[in-house]
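Enquirer: Sequence first, predicted coordinates after that:
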Amino acid sequence: MSRVPRETYVSPQQHGFPHPPPAVVRRRRAVAIGAAVIVATAIAVAVVATLMTSVTNIPGIARAADSAPFGAPSAPADGETGAIDITEPISPFNEEHPAVSRLNPDLRAAIQAAAADAEADGIQIELTSGWRSADYQAGLLNDAIADYGSEQAAREFVSTPEASKHVTGDAVDVARVDPALWIEQYGNAYGLCRVFANESWHFELATSPGGECPPMLADASEAQ
């Protein structure tokens, strides 16, 4: 049977409905509710976007794109800061990364030798920091001041560019607890020592290979 198009409009009242049938009302209500939800969602998205923009402009608030714990300072002229994403630590053998390639050669050799021996014990040594540019270090300190509330508190964890052993390539930070404990226990065989009581991850060449490590300082502020 062929379908014949309706030529005249038949109102609901002619079918005995004084008002639109319930199904039509439900459809209209559904459309209205859907439209309201869309509008509300759009407003919410706009508000959240505005808030996020404001938050990222607050000093000391780390953004998702930041690779350092306290934010991303400006890069030096050559574009290298030495920053390492702390969620993606790197091998001490990765000499393509400036954090490794710009280390003091003696420190680089020591941490590489330690990493090779630790691997035989089932321990993987990776770095969250090595060499840092002065600009990068300054940015870390500024953001730490914002986070901790004062320069005095911040300098317990972050040194000035002038005092930082990272800037001179004479310090490394080791990822994860077990590798750090391994180096703390065996590091003196390579000249590596834990330097600060409040930083179990931070190591420097502080003795001759096989020598005795010096007493730890309480924190980085004592090395200023």
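Expert: Looks like it came in fine.

Enquirer: for this structure, what spans make up the strands?
Expert: Ranges of strands within the chain are 127-129, 171-174, 192-194, 202-205, based on DSSP state E.

Enquirer: of all the ones you listed, which lies closest to residue 84?
Expert: strand 127-129 (5.6 Å; CB to CB). Where C-beta positions appear, they are placed from N, C-alpha and C, glycine not excepted.

Enquirer: rewinding a little: okay, the strands of the chain, which one's buried deepest?
Expert: strand 171-174 (a mean of 26; mean count of other CB atoms under 10 Å).

Enquirer: Quick one: residues in contact with it.
Expert: Strand 171-174 has contacts (CB atoms under 8 Å, 6 or more residues apart in numbering) with 92, 103, 107, 111, 125-130, 164-165, 180, 183, 195, 199, 201-204.

Enquirer: mean confidence for that strand?
Expert: For strand 171-174, mean pLDDT rounds to 99.

Enquirer: picking up where we left off before, narrow the contacts of strand 171-174 to those in helices?
Expert: 107, 111, 180, 183 (DSSP state H).

Enquirer: contacting residues for the last one?
Expert: Right, the one you point to is residue 183. By CB under 8 Å, 6+ apart, the contact list for residue 183 reads 114, 118, 125, 174, 192, 194, 203.

Enquirer: tell me which of those residues is nearest to residue 210?
Expert: Residue 210 has its nearest neighbour among those in residue 192, at 11.4 Å by CB to CB.

Enquirer: I'd assumed residue 208 was in contact with that closest one.
Expert: No. Taking contacts as CB atoms under 8 Å, residue 192 lies outside contact range of residue 208: 11.1 Å.

Enquirer: Widest-spaced pair of the ones in helices among the contacts of strand 171-174?
Expert: Checking the ones in helices among the contacts of strand 171-174 with CB to CB, the most distant pair is 107 and 180, at 16.0 Å.
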